[in-house]
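1. coordinates only, sequence not included:
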């Protein structure tokens, strides 16, 4: 696990491929508001454009999410990060890693890319300050060599923001 | 011995008199065949009994089957009290760390809340009554009968359920609190569903976690920490000591799970273990015995030779060990190779005082520590040796002895018991060195008393060890049964029981913080004058064997007002003295 794409290095299983195709089809018919899937031919890595919701600290800002799927998706969680520059947010590190429980411990196979996107947007929208996490510098330093956020032992301190 | 019995203080029923180590045995008033039989009878009780006598049995050793039974029992209990299913009862108990009473309390206080927290629905919902359903994970459409759900009715296909459950099992014990995959639903997934869905291996893994949870999440039980041991210990907190001897024969402290360490308390043990492993001791050594090279700062130990030091390559700096100045400034005029008058002069001016003092102190404290550590470690290895001897005894010697002496092996249990006692005593003795290390220097009286007790313990144990090792050999290497074998039996059994008593008293005395010494000091304040420790070793030793029993009422009667007893060492000083003649403490 040394590169950001490590978790997606193994090819998708049959189940994962089927499920992702269905998710993509559903997305095309019914995309979550504020998100745009950038079309590629790579089913295993999605790049999604996020528009900050109007009336929030991030309105008129655009960010890019990178979603990598593991071999046994959806039994295993996808790896979701912002491609820097990441939004200034108390739970988002400058290297794009996101501290959000559903991406790690609380992942459930009944969740989808779409539901994860909605959670991330709501996390952005409810923020009241634009700042980095307190331990940003330390954390990002530890993540050099492209460590995946899924290897981090996250500690979800508050769910207010 | 009999005649001296009368002289015992009535309160000191268990106390040992001066002759206890004389080699006479507790059985010597019994003679003749009848007594012999009785002796054998007592001794042929099996080792369980031995165990219980030593531990007062405030704990139970559980093997896997026992654990299983208890777990089942508790689940059945809850299931019948709350009239809920077996599976639901298991979920509840696990959530409340297997405390039956906690489950009861919480349930009857607010059933609805409990149900919500653990994910138990009152009314299970069936799958929607339609022909086909979409699986919430793979989004494929399946006929109703190949779908499954927890009590909540959220449908997922069997393949996805299997993947979901087995992923969770392979992620660790979190599988014990598995919930419905639907993110908005907290319904618990029961054991029955889990076990029926996964492979044999995964089911076994799950059952393993389930069993482990009963031991590990339960406040009353712990696994035996010995490597490879599968027993658990159920402990009743409150009564007696924390020492536990597992079925695998490993003794450990239930509280801190370090090896058994009476009479030392858990804090001291952890301090001592930290100290033994800590780099700080190495640092102390380096500080005390080395100086840093003035140029490259690497520590250098000087173990011999002159004061002209050349640091190792690549540094190669040449300097004077005493003043740490460059050697180029030295020579005949500074005193030659074995002295340095620059250093002497600077020392006179007080330049080196501070660092020297620190170095000196570090050296002293290190020497003190080394003294205790060496003895602690020696007893540790003696104990290991004794354990090995015990095993050899049990595996080969007992059989041989039984052969040579024409005694059934069942009548040779006294030998095993003696060796078990030796092993136990080595353990206690070992920890007394940690105890001694932490006994404050200024408590002279306590230290003296402690060292006396420790010395007695050591020589008593030596006697027992000698008898169990050397004298046994003579009976092992004979052609025909030795006539004095019965004598040997009585001697060894007697020594065993005497040593056991002595060590039990020792442990109790140390656990009480040698409060006898304090006690006397205390009584002096209320006017009672004691003569214990007044220089008469005879009178002191006859009492001190009884160790930490609280002072009896009769002791206050010799209050003559002629003496005052030192608060520190209890020495009875003449009324006129203002400073204790024994320890120089002021009155």
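-> Structure's in. What do you need? Remember, predicted model here, so these are calculated numbers, not experimental data.
2. which ones are touching the residue lying farthest from the centre of chain B?
-> No residue in chain B sits farther from the centre than residue B:131, which is 65.0 Å out by C-alpha atoms, centre = their mean. Residues near residue B:131 by C-beta atoms under 8 Å, 6 or more residues apart in numbering or on different chains: B:143, B:144. In short, each C-beta sits where N, CA and C put it, glycine included.
3. and whichever residue of the stretch 451-587 of chain B sits closest to chain A, how many residues sit next to it?
-> Closest residue of the stretch 451-587 of chain B to chain A, C-beta to the nearest C-beta: residue B:511 (41.4 Å). Using other C-beta atoms under 10 Å in any protein chain shown, residue B:511 has 16 neighbouring residues.
4. Ok, residue B:295 next?
-> Other residues lying near residue B:295 total 14 when counted by other C-beta under 10 Å.
5. Over to residue B:132?
-> Count around residue B:132 with other C-beta under 10 Å applied: 10.
6. Relative to residue B:224, how far out is it?
-> Distance, residue B:132 to residue B:224, by C-beta to C-beta, to the nearest Å: 54 Å.
7. Is the longest helix belonging to chain A positioned near chain B?
-> Longest helix of chain A, by residue count under DSSP state H: helix A:14-29. Yes: applying C-beta under 8 Å from any C-beta of the partner chain, one finds that helix A:14-29 is in contact with chain B at A:15, A:18, A:19, A:22, A:23, A:26.
8. what packs against that helix?
-> Helix A:14-29 is packed against strand A:35-38, helix A:113-125, with contacts defined by 3 or more C-beta pairs under 8 Å, 6 or more residues apart in numbering or on different chains; DSSP states H and E.
9. Dump these to JSON lines, plus distance to residue B:450 and mean pLDDT.
-> Shown next, in JSON lines, are the helices and strands packed on helix A:14-29 (distance: least, C-beta to C-beta, whole Å; pLDDT from 0 to 100):
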{"stretch": "strand A:35-38", "distance to residue B:450": "76", "mean pLDDT": "92"}
{"stretch": "helix A:113-125", "distance to residue B:450": "64", "mean pLDDT": "94"}
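10. Comparing those, which stretch has the densest surroundings?
-> helix A:113-125 (a mean of 19; mean count of other C-beta atoms under 10 Å in any protein chain shown).
11. looking at chain A, which helix or strand is least sure?
-> Of all helical and strand segments in chain A, the minimum by mean pLDDT, DSSP states H and E falls on helix A:136-142, at a mean of 86.
12. chain center to that one: distance?
-> 19 Å (C-alpha atoms, centre = their mean, to the nearest Å).
13. Please point out which parts of it sit buried.
-> Neighbour counts over helix A:136-142 (16 or more other C-beta atoms under 10 Å in any protein chain shown) mark A:136, A:139, A:140 as buried.
14. Where does the prediction get shaky in the chain?
-> Just so you know, I chose chain A. Applying pLDDT under 70 to chain A picks out residues A:1-9, A:156-161.
15. wait, I meant chain B there
-> Checking chain B against pLDDT under 70 turns up B:1-56, B:239, B:278-289, B:302-307, B:331-358, B:362, B:517-572, B:580-587.
16. Contact residues of it facing chain A?
-> Residues of chain B lying near chain A by C-beta under 8 Å from any C-beta: B:136-140, B:154, B:156, B:159-160, B:163-164, B:167, B:181-183.
17. Which single one of those is nearest to residue B:365?
-> Residue B:365 lies nearest to residue B:167 out of these, by C-beta to C-beta, at 55.4 Å.
18. Leaving out chain neighbours, which residue sits closest to that closest one?
-> Excluding its sequence neighbours, the residue lying closest to residue B:167 (C-beta to C-beta, 6 or more residues apart in numbering or on different chains) is residue A:75, at 4.4 Å.
19. Residue B:164 is in contact with that neighbour, correct?
-> Yes: at 6.4 Å, residue A:75 counts as touching residue B:164 under the criterion of C-beta atoms under 8 Å.
20. Name the residues contacting each of these two.
-> Common neighbours of residue A:75 and residue B:164 (C-beta under 8 Å, 6+ apart) are residue A:109.
21. Relative to residue B:144, how far out is residue B:490?
-> 83 Å.
22. more crowded one of those two?
-> Each of residue B:490 and residue B:144 has its neighbours counted (other C-beta under 10 Å); residue B:490 has more, 22 against 13.
23. And whatever helix or strand that one lives in, how far out from the chain middle?
-> Here residue B:490, judged by DSSP states H and E, is contained in helix B:485-511. Centre-to-centre, helix B:485-511 and its host chain are 21 Å apart (C-alpha atoms, centre = their mean).
24. Ok, stretch A:133-148 next?
-> For stretch A:133-148, the separation from the chain centroid amounts to 16 Å (computed by C-alpha atoms, centre = their mean).
25. for stretch A:76-95, same thing?
-> The answer for stretch A:76-95 is 6 Å, by C-alpha atoms, centre = their mean.
26. Over to stretch B:212-220?
-> Centre to centre, stretch against its chain (C-alpha atoms, centre = their mean), the figure for stretch B:212-220 is 21 Å.
27. ok, residues contacting that stretch?
-> Here stretch B:212-220 has contacts from B:67, B:70-71, B:94, B:97-99, B:173, B:176, B:221-223, B:232, B:234-237, using C-beta under 8 Å, 6+ apart.
28. quick one: which of those sit in strands?
-> If you go by DSSP state E, the contacts of stretch B:212-220 have B:221, B:222, B:223, B:232, B:234, B:235 in strands.
29. Next up, the contacts around residue 113.
-> No chain was given, so I picked chain A. A:23, A:27, A:46, A:48, A:67, A:78.
30. other chain: chain B
-> residue B:106.
31. check which helix or strand covers it.
-> helix B:111-118.
32. Any buried residues in that helix, and which?
-> Buried residues in helix B:111-118, defined by neighbour count with 16+ other C-beta under 10 Å: B:114, B:115, B:118.
33. ok, now how distant is the last one from residue B:90?
-> Going back to what we said before, that points to residue B:118. Distance from residue B:118 to residue B:90, by C-beta to C-beta: 11 Å.
34. The second one too?
-> Using C-beta to C-beta, one obtains 15 Å as the distance from residue B:115 to residue B:90.
35. So which of the residues of chain B next to chain A sit within strands?
-> Among the residues of chain B next to chain A, the members found in strands (DSSP E) are residue B:156.
36. Which of the residues of chain B next to chain A fall in helices?
-> Per DSSP H, the residues of chain B next to chain A map to helices at B:159, B:160, B:163, B:164, B:167.
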